[in-house]
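*Asks:* compute the structure for the input listed below.
(2 chains)
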Number of protein chains: 2
Amino acid sequence: MTSISVDPRSGVARTVSFKDTSDREHVDIMSRTAQAAPGWAAMSGRGRAAVLYAIGEALEGAGADLIAVANAETGLGITRLTGELARTTAQLRMFADVIAAGAHLIGAGVAVPQEGAATGALQRCLLPLGPVAVYAASNFPFAFSVAGGDTASALAAGCPVVVKAHPAHPELSLRTARLVEDAISAAGVDPGVFALVSGMEEGVRLVTDPVIRAAAFTGSFAGGRALADLAGSRAEPIPFYGEYGSVNPVIVLPGAVSDQNQFVRDYLDSLTLGGGQFCTNPGLLIAPREANLRTAIAEQIATRPAAVLLHHGIQAAYNAAIEQLRTTPGLTVHASTQTVPDAGFHVLPVVFGLSADTALQHRELIHHEYFGPAGLLVEYDNADQLEALCSQLQGCLVSCVHGGTTSELQSRVLAEAARRSGRVVFNGWPTGVAVAEGQHHGGPFPATSNPLFTSVGPDAIMRFLRPVTFQGLPAEFLPAEAQR
Amino acid sequence: MTSISVDPRSGVARTVSFKDTSDREHVDIMSRTAQAAPGWAAMSGRGRAAVLYAIGEALEGAGADLIAVANAETGLGITRLTGELARTTAQLRMFADVIAAGAHLIGAGVAVPQEGAATGALQRCLLPLGPVAVYAASNFPFAFSVAGGDTASALAAGCPVVVKAHPAHPELSLRTARLVEDAISAAGVDPGVFALVSGMEEGVRLVTDPVIRAAAFTGSFAGGRALADLAGSRAEPIPFYGEYGSVNPVIVLPGAVSDQNQFVRDYLDSLTLGGGQFCTNPGLLIAPREANLRTAIAEQIATRPAAVLLHHGIQAAYNAAIEQLRTTPGLTVHASTQTVPDAGFHVLPVVFGLSADTALQHRELIHHEYFGPAGLLVEYDNADQLEALCSQLQGCLVSCVHGGTTSELQSRVLAEAARRSGRVVFNGWPTGVAVAEGQHHGGPFPATSNPLFTSVGPDAIMRFLRPVTFQGLPAEFLPAEAQR
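*Replies:* As a prediction, this is how the structure comes out:
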């Protein structure tokens, strides 16, 4: 299959000369990846850092071009894409800084002689797992795609990377890959440390190939779970880091809202940001009926403009889900009244209101992710209902609690939120994930496949490193991978 | 089924009133475990540490009794079991120290305001995963059984523990569990934080029960892989930390052996320690033919006494494997010439010699773990053969390299060993794993199910904790689990 690049604003399609990877090409790529692995692993942290800095510079140099291509293929807009590219190059530099300092490589090595235990000083080091398959996401064409955080952290760890391109931005994927390949070649590094592949079949071949030693995925639950199962059922299972969809609750405690209009403005900004296509989208707002947020929501959402979604599949799923909710008994509909352009993949923002009782009786409503600018507002009448709702929340990437001075109820709600989330925001909104030390972007299943790891922040490199303890080995004999 | 306690030295069996856990009992235990989880998680590190210290004291107080029971059920001998119990209580205290200090709870929390990213200081904490299933091993009746390292680290992390007893030491399992339960009750803690269960069916029920949030297993590859597959195919998959069997290579470089007799004495000591039933047993010795280790091995092994194995199943598998090797063409046999007592599960130590060519042509020989006091000696004639052998080694817990001054060959062999092992010992032997900072007891598949984690040393607690980042939350509002 040849790739098709579609402008989401107009729906106009054109072909891009980027064919699905064939079986034969796959074999060739795997062979080159395997050959490049030991050299890349043995390279010094500074050497690898130089390549990552160079990739970042190349992306910045071609920034205007890349952003234009990304905008045409995703409709996410120049402002958002400019910010995302800056984040992406910052990520490349962050991981480069981590490995240039070498701080991640050497663990504590205290020798504690013990009866019955072999002696010799213990030196724990972190070595790369080996070649990593990265599955690009559609909704972050830079930050979770070809040269995004998964690629940057795996390369930094010393692992060659094979990226499975997302079909929704083929032209951008090709251009980004070429810049990465050029930076690698210019550094005199074996070009086998990076490859771009394409196609559904290749996605399956990749995660099941013995050369691949770990995989990182950002995308839908169905696709991710299928790949995770393949990774786990290999003759030699490999670590699979899947970030799936997420229903992120915003829980409003009684008395927490002082300015309804401002609160709802902030809520709708977060709900509609990027067309509502963030994994951190606040899909579920749980608020006291007495706060009467529904009036402000009904009023404000009317003037929110139509959003353009990434591709036809997302638009179709959104429209189908919204249509079903519109005809579900017990739900009130607050929708934008703006016009929807006929062309492309435009949809209207909408919030559905329902009572806590309805939500508790039809939990499938609050467990479903409505990908796009759609939210549920669940109104509760008392603390019992609020706590019952909290107990029914599933694992998520992020939850928000709007509260105030401390109370028993607030403590319990915060604890329930923490139990189910990778991140808990107090008096704030979930969208916008700081790439920073201390960040955790992950969370309990079904938000991710493994709650112990983060895909954002410097710790993301830990997904691709494994400890090895050297016992009684003179420091000068340590393998190059473990030397600074 | 009622449990049968068998003395491995005599083969004499007696019943122990410890029945397989029934479906109904399982439901009851899971309910009590789930109820106890939030309270145990919310308890301060110091509070949980006090319970772990108390368990350690209780085991020490009953030490003589426990060791006698263990010796009767395992035949491992008073000296070994005394050391193992000391290690076990030291482990309990080590994890208690870790959580009392609280150092593991709070991650770095640097707020880095970023364009487009939500602000608010980030505070990363580690919260318990929830109830943990621990599958006890037969070969470490204390250190990897009811109150062993998996139990200690999971309890320290704030996770209730349900231990699936190993059927080879039922009386010891019951007694140990009673001491743990008494210490928990005496501390005024919900008794639901610990339970002991029994039976094959219960093992399956446990790993598939929604209450269980992680599992740790030490045992055979077949059993572990089956449980891992169950853990991964649940509606909500859970982390599974399996430590399986391991073929641990000892690689001797040319010129590394100066005193053949001493070297072979040390080798045979390690090979026959604990009846050769250590997961770190040096099953595969790769040495230059010119070192002529075979002569010293043949001479010394003749006088090594019969070993007693843990149970009939291990004895039967050992004898069957040895019988097959005895009739395999190309192998020379060096065996103990001592008498084998008729009673119980006694076997003779044996080492099989083969050429590098034979090993490379029949790789199944060097990939099989001969559990018990049996080893292979593979002799190579040149560096090419040595490197070919190294490239065929599978993932293992530990490998040893005997070398000397640095050389290109030594560097390559060390790198190959590191690539395949969780621990690399230089000029030493694999048995005896120090419980210490810097330790890594794990390794690439098939040695374990996940190469990123260790089951020995303070870092073992990390298997049962997951990060949560609190954003913009005043410190006094942090959940109790995250406060020191």
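*Asks:* out of everything not next to it in sequence, what's closest to residue A:130?
*Replies:* In this structure, residue A:130 finds its nearest non-sequential neighbour in residue A:213, 3.2 Å apart by Cβ to Cβ, 6 or more residues apart in numbering or on different chains. The C-beta positions use only the backbone N, C-alpha and C, and glycine is treated the same way.
*Asks:* surely the one you found touches residue A:157?
*Replies:* No. Between residue A:213 and residue A:157 there is no contact under Cβ atoms under 8 Å: 10.9 Å.
*Asks:* touching chain B at all, the longest helix along chain A?
*Replies:* In chain A, assigned by DSSP state H, the helix with the most residues is helix A:78-101. Yes. Counting by Cβ under 8 Å from any Cβ of the partner chain, chain B has neighbours in helix A:78-101: A:80, A:83-84, A:86-87.
*Asks:* just give me the neighbour total for residue A:304.
*Replies:* By other Cβ atoms under 10 Å in any protein chain shown, the residues close to residue A:304 number 20.
*Asks:* ok, what's across the strand from residue A:374?
*Replies:* residue A:350 (DSSP bridges).
*Asks:* gap between it and chain B?
*Replies:* Separation of residue A:374 from chain B (Cβ to the nearest Cβ, to the nearest Å): 21 Å.
*Asks:* is it true that that residue touches residue A:351?
*Replies:* Yes. The pair residue A:374 / residue A:351 is scored as a contact, 7.2 Å apart, by Cβ under 8 Å.
*Asks:* need the overlap of contacts for the two.
*Replies:* residue A:271 (Cβ atoms under 8 Å, 6 or more residues apart in numbering or on different chains).
*Asks:* residue A:372 sits in which helix or strand?
*Replies:* Here residue A:372 sits in a region with no helix or strand, counting by DSSP states H and E.
*Asks:* that one contacts residue A:273, correct?
*Replies:* No. Using Cβ under 8 Å, residue A:372 is not in contact with residue A:273, being 11.6 Å away.
*Asks:* those two: who's more crowded?
*Replies:* Using other Cβ under 10 Å as the criterion, residue A:372 and residue A:273 rank with residue A:372 on top: 28 against 21.
*Asks:* the bottom helix or strand of chain A by mean pLDDT?
*Replies:* strand A:122-128 (a mean of 90; mean pLDDT, DSSP states H and E).
*Asks:* helix or strand right after that strand?
*Replies:* strand A:132-135.
*Asks:* export that following strand as PDB, just CAs?
*Replies:* This file holds the C-alpha atoms of strand A:132-135, laid out as PDB (Å, rounded to 0.1, in the frame of the first residue of the first chain):
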ATOM      1  CA  VAL A 132      13.500  -1.000  20.500                       C
ATOM      2  CA  ALA A 133      10.300  -0.800  18.400                       C
ATOM      3  CA  VAL A 134       8.500   2.500  18.700                       C
ATOM      4  CA  TYR A 135       4.900   2.800  17.600                       C
END
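*Asks:* dig out what the residue at minimal distance from the centre of chain A forms beta bridges with.
*Replies:* By Cα atoms, centre = their mean, chain A has its centre lying nearest to residue A:218, at 5.1 Å. Here residue A:218 sits in beta bridges with residue A:243, going by DSSP bridges.
*Asks:* follow-up on the earlier one: in CSV: the residues of helix A:78-101 next to chain B, plus neighbour count, pLDDT and distance to residue B:170.
*Replies:* Listed next are the residues of helix A:78-101 next to chain B as CSV, based on neighbours: other Cβ atoms under 10 Å in any protein chain shown; pLDDT from 0 to 100; distance: Cβ to Cβ, whole Å:
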residue, neighbour count, pLDDT, distance to residue B:170
A:80, 18, 96, 63
A:83, 18, 96, 63
A:84, 22, 97, 60
A:86, 18, 97, 63
A:87, 24, 96, 58
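*Asks:* quick one: which of those is nearest residue A:431?
*Replies:* residue A:80 (11.2 Å; Cβ to Cβ).
*Asks:* pretty sure that closest one contacts residue A:277?
*Replies:* No. Here residue A:80 does not reach residue A:277: they are 10.5 Å apart, not a contact under Cβ under 8 Å.
*Asks:* could you pull out the buried residues of stretch A:54-70?
*Replies:* A:54-56, A:58-60, A:62-63, A:66-67, A:69-70 (16 or more other Cβ atoms under 10 Å in any protein chain shown).
*Asks:* break down the stretch 251-400 of chain A into its helices, ranges please.
*Replies:* Assigned by DSSP state H, counting those that start in this stretch, the helices in the stretch 251-400 of chain A fall at A:260-272, A:293-301, A:312-326, A:356-361, A:363-367, A:383-391.
*Asks:* reformat these as TSV; add mean neighbour count, distance to residue B:466 and mean pLDDT.
*Replies:* Compiled in TSV, the helices of the stretch 251-400 of chain A are given as follows (neighbours: other Cβ atoms under 10 Å in any protein chain shown; distance: least, Cβ to Cβ, whole Å; pLDDT from 0 to 100):
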stretch	mean neighbour count	distance to residue B:466	mean pLDDT
helix A:260-272	19	25	98
helix A:293-301	19	32	98
helix A:312-326	16	30	97
helix A:356-361	17	27	98
helix A:363-367	15	21	97
helix A:383-391	17	19	98
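*Asks:* reformat those helices into TSV and put distance to chain B next to each item.
*Replies:* As requested, the helices of the stretch 251-400 of chain A are exported to TSV (distance: least, Cβ to the nearest Cβ, whole Å):
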stretch	distance to chain B
helix A:260-272	9
helix A:293-301	20
helix A:312-326	22
helix A:356-361	19
helix A:363-367	13
helix A:383-391	11
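*Asks:* relative to residue B:14, which of those is closest?
*Replies:* Here helix A:383-391 is closest among these (Cβ to Cβ), at 48.0 Å.
*Asks:* can you pull the pLDDT of the residue nearest to the centre of chain A?
*Replies:* Note on residue A:218: pLDDT of 97.
*Asks:* show me what contacts it?
*Replies:* A:135-137, A:140, A:144, A:150, A:242-243, A:279, A:455.
*Asks:* out of these, who's the most crowded?
*Replies:* residue A:150 (31 neighbours).
*Asks:* count the residues that sit near the closest residue to that one other than its chain neighbours.
*Replies:* Sequence neighbours aside, residue A:216 is the residue nearest to residue A:150 in space, at 4.0 Å (criterion: Cβ to Cβ, 6+ apart). For residue A:216, the count of nearby residues is 28 (other Cβ under 10 Å).
*Asks:* tabulate the contacts of residue A:218 (a markdown table), appending pLDDT.
*Replies:* Shown next, in a markdown table, are the contacts of residue A:218 (pLDDT from 0 to 100):
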| residue | pLDDT |
| --- | --- |
| A:135 | 98 |
| A:136 | 98 |
| A:137 | 97 |
| A:140 | 97 |
| A:144 | 97 |
| A:150 | 98 |
| A:242 | 98 |
| A:243 | 97 |
| A:279 | 96 |
| A:455 | 97 |
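*Asks:* nearest to chain B, of those?
*Replies:* residue A:242 (10.0 Å; Cβ to the nearest Cβ).
*Asks:* what sits against the closest one?
*Replies:* A:216-218, A:224-225, A:227-228, A:448-450.
*Asks:* nearest to residue B:129 among these?
*Replies:* residue A:450 (10.8 Å).
*Asks:* ok so, going back, residue A:213 and residue A:157: which is more packed in?
*Replies:* residue A:157 (29 against 23).
*Asks:* excluding sequence neighbours, find me the nearest residue to the more buried one.
*Replies:* Closest to residue A:157 by Cβ to Cβ, 6+ apart is residue A:464, at 3.8 Å.
*Asks:* with residue A:134 as the reference, measure out to that neighbour.
*Replies:* 10 Å (Cβ to Cβ, to the nearest Å).
*Asks:* repeat that for residue A:174.
*Replies:* 16 Å.
*Asks:* okay, and the common contacts of residue A:464 and residue A:134?
*Replies:* Contacts common to residue A:464 and residue A:134, judged by Cβ under 8 Å, 6+ apart, are residue A:154.
*Asks:* more neighbours, those two?
*Replies:* Higher neighbour count among residue A:464 and residue A:134: residue A:134, with 31 against 28, using other Cβ under 10 Å.
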